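Enquirer: sequence unknown, structure follows:
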């Protein structure tokens with residue numbers, strides 16, 4: 001049976017390259033993004049890639065898209081949650097940040113993936129049961145990096161906590177997880193092959209909660 005992957009934020013260069021990679025591997029790809037389906041141009045393989053409108057900041061939009069995927073395919077083997085908002089490099093630091101902008105980052109980068117996972121779980125019981133989250137070293141508490149907007153970094157740190165909690169809640173039910181720092185969108189096409197392999201292959205230490213970057217190096221949570 002052909003496997004099914006759902007990829008969110010598929011309008012972004014990195015996620016779009018990942019869509020193409022999985023299609024080349026023979027997977028059915030659910031390419032989800034807030035862009036209207038008719039605006040998702042140049043689908044690489046219409047027999048394998050199917051575009052769905054999904055704004056992860058809206059529970060209603062997420063549920064509507066997942067219901068359509070359920071009607072068409074009935075299951076999801078691999079869920080890949082992309083990054084919705086940007087780093088906002090050069091924006092105000094923690095002392096001068098806007099609470100409204102921080103909330104927008106949380107809605108996009110933390111609550112968005114949680115909404116998608118919640119909606120997709122009933123479709124994942126009989127497949128690979130793999131959940132992959134795209135993150136950023138800017139959210140690492142261990143590294144304490146600077147250079148991104150405070151809201152973005154905080155939203156990614158919160159995503160790492162959500163990953164930890166999801167691992168604790170779902171690993172006993174057969175789910176496995178990947179937390180991945182994808183690197184530059186400029187190099188997306190050369191990096192997605194390794195990412196797709198990491199998302200689909202088994203690990204000998206599935207019980208460990210780790211984040212890897214595009215080089216295969218571990219990043220502290």
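Expert: Structure received. Computed from a predicted model, the values in this text were never measured in an experiment. Residues are numbered from 1 along each chain as shown.

Enquirer: use CA for all of it now, contacts and neighbours both
Expert: Noted.

Enquirer: What is the least confident helix or strand in this protein?
Expert: helix 99-106 (a mean of 82; mean pLDDT, DSSP states H and E).

Enquirer: Surely residue 20 is in a helix?
Expert: Yes - counting by DSSP: H, G, I helix; E, B strand; the rest coil, residue 20 is located in a helix.

Enquirer: Would you mind measuring from it to residue 84?
Expert: The gap separating residue 20 from residue 84 is 19 Å, by C-alpha to C-alpha, to the nearest Å.

Enquirer: what about the chain, any weak spots by pLDDT?
Expert: The model of the chain has pLDDT under 70 over residues 1, 37-44, 85-97, 141-148, 184-188.

Enquirer: can you give me phi and psi for the residue positioned nearest the centre of the chain?
Expert: Among the residues of the chain, the one closest to the centroid is residue 81, at 1.7 Å (C-alpha atoms, centre = their mean). Taking degrees, to the nearest 10, you get phi -100, psi 120 for the backbone angles of residue 81.

Enquirer: where's it relative to residue 131, distance?
Expert: Residue 81 is 8 Å from residue 131, where distance means C-alpha to C-alpha.

Enquirer: by how many degrees do the lengthiest helix in the chain and helix 99-106 diverge?
Expert: Assignment by DSSP state H gives helix 150-170 as the longest helix of the chain. Using axes from the mean of the first three to the mean of the last three C-alpha atoms, to 10 degrees, the direction of helix 150-170 lies 40 degrees away from that of helix 99-106.

Enquirer: Packing partners of helix 150-170?
Expert: Using 3 or more C-alpha pairs under 8 Å, 6 or more residues apart in numbering; DSSP states H and E as the contact test, the elements touching helix 150-170 are helix 99-106, strand 176-181.

Enquirer: Pull up the pairing partners for the helix or strand hosting residue 132, direction included.
Expert: Taking DSSP states H and E as the criterion, residue 132 maps to strand 130-134. Here strand 130-134 has these sheet partners by DSSP bridges: strand 78-81 (parallel), strand 176-181 (parallel).

Enquirer: how much does the following helix or strand past the last one deviate in direction from strand 176-181?
Expert: Once the chain leaves strand 176-181, the next helix or strand it forms, by DSSP H and E, is helix 188-200. For the pair helix 188-200 and strand 176-181, the angle between their directions (the same axes, to 10 degrees) equals 160 degrees.

Enquirer: tell me which residues in helix 188-200 are buried?
Expert: For helix 188-200, a neighbour-count test (16 or more other C-alpha atoms under 10 Å) marks 188, 189, 191, 192, 193, 195, 198, 199 as buried.
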